[in-house]
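J.: A predicted structure for the sequence below; I have some questions about it.
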Amino acid sequence: MTVETTSIDTLVVGAGQAGVAMSEHLSKLGVPHLVLERARIAERWRTGRWDSLVANGPAWHDRFPNMEFADVDPDAFAGKEQVADYFVAYAKKFDAPIRTGVEVKQVVRNAGRPGFTVETSDGIIQANRVVVATGPFQRPVIPPIAPQDAALTQIHSADYRNPAQLPEGGVLVVGAGSSGVQIADELQRAGRRVYLSVGAHDRPPRAYRGRDFCWWLGVLGEWDAEVMKPGREHVTIAVSGSRGGHTVDFRRLARQGVTLVGLTKSFHDGVVTFEDDLATNIRRGDENYLSLLDAADAYAERNGLDLPQEPEARIIPADPECVTHPLHDLALAEAGVTSIVWATGYAVDFNWLKVNAFDEKGKPTHQRGVSKEPGIYFLGLPWLSRRGSAFIWGVWHDAKHIADHIATQRKYLAYYDGPQPQASIGNADDADSSNDASAASRVHKVSEIGVS
Ligand SMILES: Cc1cc2nc3c(=O)[nH]c(=O)nc-3n(C[C@H](O)[C@H](O)[C@H](O)COP(=O)(O)OP(=O)(O)OC[C@H]3O[C@@H](n4cnc5c(N)ncnc54)[C@H](O)[C@@H]3O)c2cc1C
């Protein structure tokens, strides 16, 4: 497909959920824009996840506010293809200007004139603004301790699809966030010998007193938390919607046959060594689990909610043998381990973005997605404005804020240093008017740029 547009007001890079949400809000405000997606809409939900993945939250929750899933019961967990289909249908609903199969290769600020020169796989585009919606999880990260052992198959969870993909034999799964626990569970159920390396984690109950944990985190204001509690940068969240949804319980996984081990420390001569932290990590996960039950009970009582009591949720079974007598090391070949799945997270990659929007460590510097480089916006990053920012229901609200900011900026730029201010552009009046153009900002209107 040819990129016919040579200039546009706002260019959105990426058509995952973030790009689709962004396009909806820009459309509502009448901001001329174009979304470029190098693959397909919601590509990462289709090809960047394992086959059996379902959403972590129920369909009533893991969606945008304006549309329900057509084919999923609200209390069920949508499969990854259903999630991708949902975003395709959503984009269609408002005729989002998305061009697929076009990669943005470079963005450079123009010198001596407004805007950015955007180099794409299909030509150059001039854009007044660029919204970076390329995802919170772009580049799979495998830590440097990974052994250089040709006999072992090693993949990142981003490349894991199903048990048949791995050679016969045992598997070490490193990382016990939502991906690691679900992959370990699936491999064990497929008859594999599985070792699961468990680090620091939160593990909320799937449901408590008849309400899903997504509901509890919502009413307790946890999704809206604006800053991560100090020291919790490496704490993952272990939840699962698979098999109808269940609480992640490491002791149950151990009873099922998974051998739990501590944080993976090093590899040497075919032997992997683990930290002596398994029992501590499990205990802290329990504390997190119980603290949510406490907060839920307090909320129910304070608000007089008539929810069924669930005292059995507080019963924590005894530690299994692999926790009381943990393995400190494991000779992989002797144990029959032929593969390692690294469920160790992701990094972002902004090498293509040649703008002044980063700190000295290369981290985007922004306020609720509005970067320090005027005209550059970030969307969909973890903790962009709050805990929910990288998730389906959170990104939509962040996109609204960014669209409002863009509309307001367009009003400033539409101001004429003439007898009377130029009328606002499109529906930009709908935006927050508290920042309306004032005499303090007398800039000449930049030429209007539309989609050709
Ligand atoms: C295993 C897993 C399970 C998850 N489950 C849930 C869940 O159940 N519920 C939930 O709310 N969240 C979940 N998330 C978190 C989040 O919802 C997803 O990561 C989601 O894909 C993020 O959407 P996004 O639009 O921000 O980014 P992405 O989905 O990553 O979309 C970014 C898009 O940008 C495109 N792109 C990148 N670079 C360029 C470029 N240079 N030019 C053009 N296009 C480009 C990519 O092709 C991609 O389509 C999960 C994440 C993971 C990893």
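T.: That came through, no problem. Numbers count the residues shown, from 1 in each chain.

J.: stretch 285-292: which residues count as buried?
T.: Going by neighbour count (16 or more other Cβ atoms under 10 Å), the buried part of stretch 285-292 is 285, 288, 289, 292. Where C-beta positions appear, they are placed from N, C-alpha and C, glycine not excepted.

J.: same question for stretch 63-78.
T.: Neighbour-count burial for stretch 63-78, with 16+ other Cβ under 10 Å as criterion, is recorded at 63, 64, 69, 72, 76, 77, 78.

J.: with stretch 84-101 instead?
T.: Applying 16+ other Cβ under 10 Å to stretch 84-101 flags 84, 85, 86, 87, 88, 90, 91, 96, 97, 98, 99 as buried.

J.: return the subset of these lying in strands.
T.: Counted as lying in strands by DSSP state E, out of the buried residues of stretch 84-101, are 98, 99.

J.: turn the buried residues of stretch 84-101 into CSV, columns for distance to residue 351.
T.: Below are the buried residues of stretch 84-101 laid out as CSV (distance: Cβ to Cβ, whole Å):
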residue, distance to residue 351
84, 26
85, 31
86, 31
87, 26
88, 29
90, 30
91, 27
96, 27
97, 26
98, 24
99, 22
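
J.: ok so, going back, which one of the buried residues of stretch 285-292 is nearest to residue 330?
T.: residue 285 (22.0 Å; Cβ to Cβ).

J.: and the stretch 351-452 of the chain, which residues reach the ligand?
T.: Contact residues, the stretch 351-452 of the chain versus the ligand (Cβ under 6 Å from any ligand atom): 352, 380, 390, 391, 392, 395.

J.: between those, which sits nearest residue 14?
T.: Using Cβ to Cβ, those come closest to residue 14 at residue 380, 7.8 Å.

J.: in the stretch 251-400 of the chain, which residue sits closest to the ligand?
T.: As assessed by Cβ to the nearest ligand atom, the ligand sits closest to residue 380 within the stretch 251-400 of the chain, at 2.9 Å.

J.: any idea whether the nearest residue to that residue once chain neighbours are set aside is helix, strand or coil?
T.: With Cβ to Cβ, 6 or more residues apart in numbering as the measure, residue 18 is the residue that lies nearest to residue 380, at 3.4 Å, once sequence neighbours are left out. In the three-state summary, residue 18 is assigned as helix, counting by DSSP: H, G, I helix; E, B strand; the rest coil.

J.: quick one, what contacts residue 18?
T.: 133, 135, 379, 380, 395, 399 (Cβ atoms under 8 Å, 6 or more residues apart in numbering).

J.: quick one: it from the ligand, how far?
T.: 3 Å (Cβ to the nearest ligand atom, to the nearest Å).

J.: tell me the pLDDT of that residue.
T.: Note on residue 18: pLDDT of 98.

J.: start the count at 46 instead of 1 going forward.
T.: Okay, residue one is now 46; in that scheme the one you just asked about reads as residue 63.

J.: relative to residue 439, how far out is it?
T.: Counting by Cβ to Cβ, to the nearest Å, the separation of residue 63 from residue 439 is 10 Å.

J.: same thing with residue 66?
T.: Applying Cβ to Cβ to residue 66 and residue 439 gives a distance of 10 Å.

J.: could you report the neighbour count for the closest residue to residue 234 other than its chain neighbours?
T.: Closest residue to residue 234 apart from its sequence neighbours, by Cβ to Cβ, 6+ apart: residue 301 at 7.9 Å. Neighbours of residue 301 under the rule other Cβ atoms under 10 Å: 13.

J.: and residue 301, its phi and psi?
T.: Note on residue 301: backbone dihedrals following degrees, to the nearest 10 are phi -70, psi -20.

J.: now the one 5 residues further on
T.: When read as degrees, to the nearest 10, the backbone of residue 306 gives phi -130, psi 170.

J.: now do the helices in this protein.
T.: Applying DSSP state H to the chain gives helices spanning 62-73, 88-92, 125-138, 223-234, 258-264, 295-301, 323-347, 366-369, 437-458.

J.: so which of these is the most packed in?
T.: helix 62-73 (a mean of 26; mean count of other Cβ atoms under 10 Å).

J.: so who does residue 150 touch?
T.: 164, 165, 166, 397.

J.: just the residues you listed now: which is nearest residue 416?
T.: residue 397 (14.9 Å).

J.: the closest one reaches residue 152, doesn't it?
T.: Yes. Taking contacts as Cβ atoms under 8 Å, residue 397 lies within contact range of residue 152: 6.6 Å.

J.: tell me which of these two has more neighbours.
T.: Taking other Cβ under 10 Å, residue 397 and residue 152 do not tie; residue 152 has more neighbours (24 against 16).

J.: and the one helix or strand in the chain whose mean pLDDT sits lowest, how far from the chain's centre?
T.: Between all helices and strands in the chain, the lowest mean by mean pLDDT, DSSP states H and E belongs to strand 281-282, at a mean of 90. Relative to its chain's centre, strand 281-282 lies at 12 Å (Cα atoms, centre = their mean, to the nearest Å).
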